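Asker: Here is a sequence together with a model predicted from it:
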Amino acid sequence: MPVVIASDCINCDMCVPECPNDAISMGAKHYQVASDLCTECMGFYEEPACLKVCPIDCMTIAADV
């Protein structure tokens, strides 16, 4: 399941450089994750790196939504 960024994202840019798959990009109002590119960092990290660096915890795994 891909990571999802909620609408309360403050566009702080912390998650973008952490993504090894370049799956995070700016949407109409806040960052979004391309579900076809997101692998939850499998093969790179033990858990999604973006979740660890988000200062407002606005990111979640899609299954948790």
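Answerer: It's in.
Asker: so the residue nearest to residue 30 when sequence neighbours are not counted, which of the three states?
Answerer: Excluding its sequence neighbours, the residue lying closest to residue 30 (C-beta to C-beta, 6 or more residues apart in numbering) is residue 9, at 3.7 Å. Where you see a C-beta, it was placed from the backbone N, CA and C, and this is true even at glycine. Assigned state for residue 9: coil (three-state reduction, DSSP: H, G, I helix; E, B strand; the rest coil).
Asker: What about residue 9, how many residues nearby?
Answerer: Here the number of neighbours of residue 9 (other C-beta atoms under 10 Å) works out to 17.
Asker: thought it was touching residue 28?
Answerer: No - applying C-beta atoms under 8 Å as the test, residue 9 and residue 28 come out as separate, 11.6 Å apart.
Asker: Under the pLDDT cut-off, which ranges of the protein? List them.
Answerer: Filtered on pLDDT under 70, the chain yields the residue ranges 64-65.
Asker: What segments of it are strands?
Answerer: Assigned by DSSP state E, the chain shows strands spanning 3-5, 24-26, 31-33, 59-61.
Asker: quick one, which of these is nearest to residue 43?
Answerer: With C-beta to C-beta, the closest approach to residue 43 among the strands of the chain belongs to strand 3-5: 15.1 Å.
Asker: List the neighbouring strands of the closest one plus their orientation.
Answerer: Taking DSSP bridges as the criterion, strand 3-5 sits next to strand 59-61 (antiparallel) in its sheet.
Asker: Could you list the buried residues of the partner strand?
Answerer: Residues of strand 59-61 classed as buried under the neighbour-count rule (16 or more other C-beta atoms under 10 Å) are 59, 60.
Asker: hmm, who's touching that strand?
Answerer: Strand 59-61 is contacted by residues 1, 2, 3, 4, 5, 6, 9, 15, 40, 48, 50, 51 when judged by C-beta atoms under 8 Å, 6 or more residues apart in numbering.
Asker: what's the distance between the fourth one and residue 61?
Answerer: With distances defined as C-beta to C-beta, to the nearest Å, the gap from residue 4 to residue 61 amounts to 7 Å.
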